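K.L.:
Here is a sequence with its predicted model. Questions after.
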Amino acid sequence: MAKPTDPWAADDVGAFFFRIFFATFAVALAWYFLFLRTPGVHACGPHAAVETPWAAMEAHVQSIGGLAVAYSILLNSLVLWVLIALMWVRGETSHSHKEMLQDYADERILSLSQQAQLLDARVRMQERQLAALKRARKER
(Lines give C-alpha, C1' and ligand atoms only; values in the text may rest on other atoms or scores of the structure.)
Protein backbone atom coordinates (compact mmCIF):
# COMPACT_ATOMS: atom_id res chain seq x y z
CA MET A 1 0.00 0.00 0.00
CA ALA A 2 1.46 3.34 -1.02
CA LYS A 3 1.86 6.26 1.32
CA PRO A 4 -0.67 9.02 0.58
CA THR A 5 0.77 12.00 -1.25
CA ASP A 6 -1.46 14.60 0.40
CA PRO A 7 -1.12 14.99 4.17
CA TRP A 8 -4.25 14.61 6.22
CA ALA A 9 -5.65 17.96 7.34
CA ALA A 10 -7.66 18.62 10.48
CA ASP A 11 -9.88 20.93 8.42
CA ASP A 12 -11.56 17.85 6.96
CA VAL A 13 -12.71 16.59 10.36
CA GLY A 14 -15.62 19.01 10.77
CA ALA A 15 -17.11 18.22 7.38
CA PHE A 16 -16.62 14.49 7.95
CA PHE A 17 -18.27 14.68 11.37
CA PHE A 18 -21.31 16.52 10.02
CA ARG A 19 -21.67 14.07 7.13
CA ILE A 20 -21.61 11.12 9.51
CA PHE A 21 -23.99 12.92 11.91
CA PHE A 22 -26.55 13.70 9.22
CA ALA A 23 -26.25 10.22 7.72
CA THR A 24 -26.92 8.69 11.14
CA PHE A 25 -29.83 11.07 11.67
CA ALA A 26 -31.28 10.18 8.25
CA VAL A 27 -31.01 6.45 8.99
CA ALA A 28 -32.69 6.92 12.38
CA LEU A 29 -35.54 8.95 10.84
CA ALA A 30 -35.97 6.42 8.05
CA TRP A 31 -36.11 3.60 10.59
CA TYR A 32 -38.66 5.51 12.65
CA PHE A 33 -40.97 6.44 9.78
CA LEU A 34 -40.67 3.22 7.78
CA PHE A 35 -40.64 0.54 10.45
CA LEU A 36 -41.68 1.78 13.87
CA ARG A 37 -44.81 3.69 12.89
CA THR A 38 -46.42 1.00 10.78
CA PRO A 39 -47.02 -2.51 12.05
CA GLY A 40 -45.93 -5.33 9.82
CA VAL A 41 -48.36 -7.17 7.58
CA HIS A 42 -47.84 -10.39 9.50
CA ALA A 43 -47.63 -8.81 12.97
CA CYS A 44 -48.40 -11.13 15.82
CA GLY A 45 -47.98 -11.22 19.56
CA PRO A 46 -49.59 -9.45 22.50
CA HIS A 47 -48.71 -5.95 21.29
CA ALA A 48 -49.53 -6.30 17.59
CA ALA A 49 -52.53 -3.97 17.81
CA VAL A 50 -50.66 -1.25 19.71
CA GLU A 51 -50.28 2.09 17.95
CA THR A 52 -46.68 2.87 18.83
CA PRO A 53 -43.77 0.72 19.93
CA TRP A 54 -43.62 2.61 23.22
CA ALA A 55 -47.28 2.11 24.16
CA ALA A 56 -46.60 -1.16 25.99
CA MET A 57 -43.83 0.47 28.00
CA GLU A 58 -46.02 3.49 28.76
CA ALA A 59 -48.81 1.21 29.97
CA HIS A 60 -46.35 -0.58 32.26
CA VAL A 61 -45.04 2.74 33.64
CA GLN A 62 -48.61 3.98 34.18
CA SER A 63 -49.40 0.85 36.20
CA ILE A 64 -46.74 1.73 38.83
CA GLY A 65 -48.06 4.39 41.25
CA GLY A 66 -45.19 6.79 41.98
CA LEU A 67 -43.60 6.27 38.61
CA ALA A 68 -46.88 7.16 36.89
CA VAL A 69 -47.02 10.48 38.76
CA ALA A 70 -43.40 11.30 37.88
CA TYR A 71 -44.01 10.33 34.25
CA SER A 72 -47.12 12.49 33.97
CA ILE A 73 -45.26 15.46 35.50
CA LEU A 74 -42.37 15.03 33.08
CA LEU A 75 -44.80 14.95 30.15
CA ASN A 76 -45.95 18.47 31.06
CA SER A 77 -44.22 20.91 28.70
CA LEU A 78 -43.92 23.60 31.39
CA VAL A 79 -41.84 21.28 33.56
CA LEU A 80 -39.68 20.39 30.58
CA TRP A 81 -39.03 24.05 29.75
CA VAL A 82 -38.26 24.87 33.38
CA LEU A 83 -35.72 22.04 33.44
CA ILE A 84 -34.19 23.29 30.20
CA ALA A 85 -34.03 26.85 31.59
CA LEU A 86 -32.38 25.62 34.80
CA MET A 87 -29.79 23.67 32.84
CA TRP A 88 -29.12 26.74 30.67
CA VAL A 89 -28.72 28.99 33.73
CA ARG A 90 -26.37 26.48 35.32
CA GLY A 91 -24.32 26.34 32.14
CA GLU A 92 -24.15 30.12 31.89
CA THR A 93 -23.13 30.56 35.52
CA SER A 94 -20.57 27.81 35.15
CA HIS A 95 -19.20 29.57 32.07
CA SER A 96 -19.06 32.95 33.82
CA HIS A 97 -17.45 31.30 36.86
CA LYS A 98 -14.75 29.86 34.60
CA GLU A 99 -14.22 33.29 33.04
CA MET A 100 -13.96 34.85 36.50
CA LEU A 101 -11.39 32.27 37.58
CA GLN A 102 -9.42 32.83 34.38
CA ASP A 103 -9.48 36.61 34.92
CA TYR A 104 -8.28 36.12 38.50
CA ALA A 105 -5.49 33.82 37.31
CA ASP A 106 -4.45 36.35 34.65
CA GLU A 107 -4.40 39.18 37.21
CA ARG A 108 -2.41 37.03 39.62
CA ILE A 109 0.15 36.18 36.93
CA LEU A 110 0.46 39.87 36.04
CA SER A 111 0.89 40.80 39.70
CA LEU A 112 3.54 38.12 40.22
CA SER A 113 5.43 39.17 37.09
CA GLN A 114 5.41 42.80 38.29
CA GLN A 115 6.71 41.69 41.69
CA ALA A 116 9.43 39.67 39.98
CA GLN A 117 10.45 42.72 37.93
CA LEU A 118 10.61 44.85 41.10
CA LEU A 119 12.74 42.24 42.85
CA ASP A 120 15.04 42.02 39.83
CA ALA A 121 15.44 45.81 39.89
CA ARG A 122 16.25 45.70 43.62
CA VAL A 123 18.81 42.94 43.08
CA ARG A 124 20.50 44.93 40.29
CA MET A 125 20.52 48.05 42.47
CA GLN A 126 22.06 46.13 45.38
CA GLU A 127 24.63 44.56 43.05
CA ARG A 128 25.62 48.06 41.88
CA GLN A 129 25.85 49.25 45.48
CA LEU A 130 27.97 46.24 46.39
CA ALA A 131 30.26 46.85 43.42
CA ALA A 132 30.59 50.51 44.46
CA LEU A 133 31.48 49.46 48.02
CA LYS A 134 34.10 47.02 46.74
CA ARG A 135 35.65 49.76 44.57
CA ALA A 136 35.65 52.15 47.51
CA ARG A 137 37.48 49.57 49.68
CA LYS A 138 40.07 48.93 46.97
CA GLU A 139 40.75 52.65 46.68
CA ARG A 140 41.52 52.96 50.40
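P.N.:
On my side now, so go ahead.

K.L.:
lowest confidence element among the helices and strands of the chain?
P.N.:
helix 55-62 (a mean of 82; mean pLDDT, DSSP states H and E).

K.L.:
How far off centre is that one?
P.N.:
When distances are taken as C-alpha atoms, centre = their mean, to the nearest Å, helix 55-62 is centred 33 Å away from the chain's centroid.

K.L.:
which helices and strands does that helix pack with?
P.N.:
Helices and strands touching helix 55-62, by 3 or more C-beta pairs under 8 Å, 6 or more residues apart in numbering; DSSP states H and E, are helix 65-75. From N, CA and C alone the C-beta is placed, and that goes for glycine too.

K.L.:
show me the contacts for the most centrally placed residue in the chain.
P.N.:
The centroid of the chain falls nearest to Gly91 when counting by C-alpha atoms, centre = their mean (9.4 Å). By C-beta atoms under 8 Å, 6 or more residues apart in numbering, Gly91 lies in contact with nothing.

K.L.:
What's the separation between it and His97?
P.N.:
Gly91 sits at a distance of 11 Å from His97 (criterion: C-beta to C-beta, to the nearest Å).

K.L.:
Equivalent analysis for Leu119, please.
P.N.:
33 Å.

K.L.:
again with Glu107
P.N.:
16 Å.

K.L.:
angle of the helix of greatest length in the chain against helix 65-75?
P.N.:
With residue count as the measure and DSSP state H as the assignment, the chain has helix 77-139 as its longest helix. Angle of helix 77-139 versus helix 65-75, following axes from the mean of the first three to the mean of the last three C-alpha atoms, to 10 degrees, is 80 degrees.

K.L.:
low-confidence ranges in this protein?
P.N.:
1, 4, 7-11, 36-43, 46-51, 53 (pLDDT under 70).

K.L.:
If we use 90, what do you get?
P.N.:
1-19, 25, 28-81, 83, 88-104, 138-140 (pLDDT under 90).

K.L.:
how about the strand or helix carrying Ala28: buried residues?
P.N.:
Using DSSP states H and E, the element containing Ala28 is helix 11-31. Residues of helix 11-31 include none that count as buried (16 or more other C-beta atoms under 10 Å).
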